[in-house]
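Engineer: pasting the sequence and the predicted model now:
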Amino acid sequence: MQLRADALDAHLSKSLASLYVISSDEHLLALEAADRIRASARAAGFSEREVLSVDRYFKWGELQSVNQSMSLFGDRKLIELRIPGGKPGKEGGQALQEYAAACAQTGQAQDTVTLISLPRLDKATQKSAWVTALQQAAVFIDIPLVERAHLAGWIGQRLAAQGQSADRPALDFMVERVEGNLLAAHQEIRKLALLYPEGRLSIEQIRDAVLNVARYDVFKLSEAMLAGDVARVVRMLDGLKGEGEALPLILWAVAEEIRTLLRFKLATADGQPLSMLLKEYRIWGPRERLMGPALARVKLSTLQQALSQSSQVDRMIKGLRAKTFAGDPWDALLQLALRVTKTE
């Protein structure tokens, strides 16, 4: 059974299943969901807890052994199986199918409750037999990433839950400060509850309280470029520089986005549908939505020039003289990224 994370409390108030699966890359939200399941299991008398973590030395027989072993004191048991890589392998996939089948026969929790934690699964893995078996037998909770466009709303909901609110400029300020770090956002929201009473918060109060705890992601930089968000590109490059991120990796990400845009620009000019190109190059999520507007915004000549200039930035990073750019390679990289970001 597929279950949304926001429906978990209602489910747990009625019954406790024998098998739960949480799949997400949002560690805060996955942890909160797991904590709610643990609390319900404890309240229902599942007082013993066994934790198994799948690594290269893990033996899949341990899972069945733990499930079948009786507690010394006859306590009911919560079994947690953590698969951080999301790839159990052939043996693990077969073991999970057999385990899911056994749990499906049990239905409601009896002597054990099992909680399996997975990262967000790619499309190919989602179609595998072991995932299908878990989806059919378990309460399967797939928690998506909180995209930047929805982060202000998420912060607003969290503030409302503690009796506080803020206007959109204040929420946008928080988004800028916590970008890419949902756990930090949660901590800053909780801090606001400690510092100020319930009610509406001013942007001045939030500015005084919220730290700059953003964690910048190289691969989110391409999203900012596609969105034409100049301020965000400048802020992210500055943040990546401050975090000591490797210049060659950032240049690779920028140049790869330019190459993709150039391929798509040429292909669509020849009559190929954008939807087919997105599928062929396996582009989905925010980039899928942003690609069309970006192609309409940036000229073919701009992309051709930008791709040529990326090689000049590469020379600068390697300490060689570049014809197009002079000075600091970080400045040259910013000029390159903005060339594609700005509206022509």
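Structural biologist: Nice, I can see it. Numbers count the residues shown, from 1 in each chain.
Engineer: contacts only, for residue 219.
Structural biologist: residue 253 (C-beta atoms under 8 Å, 6 or more residues apart in numbering). Backbone N, C-alpha and C define where each C-beta goes, glycine included.
Engineer: distance of it relative to residue 154?
Structural biologist: Taking C-beta to C-beta, to the nearest Å as the measure, residue 219 falls 21 Å from residue 154.
Engineer: got the domain ranges for the protein?
Structural biologist: Domain assignment of the chain by automatic domain parsing yields the ranges 5-143, 149-209, 218-341.
Engineer: export these as TSV, with columns for mean pLDDT.
Structural biologist: Below are those laid out as TSV (pLDDT from 0 to 100):
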stretch	mean pLDDT
domain 5-143	89
domain 149-209	90
domain 218-341	88
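Engineer: double-check that residue 57 belongs to a strand.
Structural biologist: No: under DSSP: H, G, I helix; E, B strand; the rest coil, residue 57 falls outside any strand and is assigned coil.
Engineer: what number of residues lie near it?
Structural biologist: For residue 57, the count of nearby residues is 5 (other C-beta atoms under 10 Å).
Engineer: how close does it sit to residue 155?
Structural biologist: In terms of C-beta to C-beta, residue 57 sits 41 Å off from residue 155.
Engineer: what do you get for residue 104?
Structural biologist: With C-beta to C-beta as the criterion, residue 104 and residue 155 are 39 Å apart.
Engineer: report the buried residues of stretch 29-48.
Structural biologist: Going by neighbour count (16 or more other C-beta atoms under 10 Å), the buried part of stretch 29-48 is 29-30, 33-34, 37-38, 40-41, 46.
Engineer: swap in stretch 293-312?
Structural biologist: Buried residues in stretch 293-312 (16+ other C-beta under 10 Å): 294-295, 297-298, 302-303, 306-307, 309-310, 312.
Engineer: ok, now stretch 45-65?
Structural biologist: 46, 50, 52, 54, 58, 60, 63.
Engineer: of those residues, closest to residue 328?
Structural biologist: Closest to residue 328 out of those is residue 54 (45.4 Å), distances taken as C-beta to C-beta.
Engineer: surely that closest one meets residue 83?
Structural biologist: Yes: between residue 54 and residue 83 there is a contact at 4.6 Å, judged by C-beta atoms under 8 Å.
Engineer: and for these two, which residues touch both?
Structural biologist: By C-beta under 8 Å, 6+ apart, the residues touching both residue 54 and residue 83 are residue 92.
Engineer: picking that back up, among the buried residues of stretch 45-65, name the ones in strands.
Structural biologist: Here DSSP state E is the test, and those give 50, 52 as lying in strands.
Engineer: redo the buried residues of stretch 45-65 as TSV? Include distance to residue 18.
Structural biologist: Listed next are the buried residues of stretch 45-65 as TSV, based on distance: C-beta to C-beta, whole Å:
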residue	distance to residue 18
46	11
50	15
52	16
54	20
58	22
60	19
63	14
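Engineer: just the strands from the chain, written as ranges.
Structural biologist: With DSSP E as the criterion, the chain has strands spanning 19-24, 48-53, 77-82, 112-118, 139-143, 164-166, 199-201.
Engineer: these into JSON lines, with extra columns for distance to residue 172?
Structural biologist: Converted to JSON lines, these look like this (distance: least, C-beta to C-beta, whole Å):
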{"stretch": "strand 19-24", "distance to residue 172": "25"}
{"stretch": "strand 48-53", "distance to residue 172": "39"}
{"stretch": "strand 77-82", "distance to residue 172": "36"}
{"stretch": "strand 112-118", "distance to residue 172": "33"}
{"stretch": "strand 139-143", "distance to residue 172": "24"}
{"stretch": "strand 164-166", "distance to residue 172": "10"}
{"stretch": "strand 199-201", "distance to residue 172": "13"}
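Engineer: figure out which of these is closest to residue 234.
Structural biologist: Short answer: strand 164-166, nearest of those by C-beta to C-beta, at 24.7 Å.
Engineer: list the buried residues in the closest one.
Structural biologist: Buried-residue list, strand 164-166, by 16+ other C-beta under 10 Å: 164, 166.
Engineer: for it, packing partners?
Structural biologist: Applying 3 or more C-beta pairs under 8 Å, 6 or more residues apart in numbering; DSSP states H and E, one finds that strand 164-166 contacts helix 148-161, strand 199-201.
Engineer: switch the cut-off to 10 Å
Structural biologist: In terms of contacts (3 or more C-beta pairs under 10 Å, 6 or more residues apart in numbering; DSSP states H and E), strand 164-166 is packed against helix 148-161, helix 168-178, helix 182-195, strand 199-201, helix 203-209.
Engineer: list the buried residues in the third one.
Structural biologist: Buried residues in helix 182-195, defined by neighbour count with 16+ other C-beta under 10 Å: 182, 184-186, 188-189, 192.
Engineer: now the first one
Structural biologist: Neighbour counts using 16+ other C-beta under 10 Å place 148, 151-152, 154-156, 158-159 of helix 148-161 among the buried residues.
Engineer: redo those residues as TSV? Include distance to residue 136.
Structural biologist: Converted to TSV, those look like this (distance: C-beta to C-beta, whole Å):
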residue	distance to residue 136
148	34
151	33
152	37
154	30
155	36
156	36
158	33
159	38
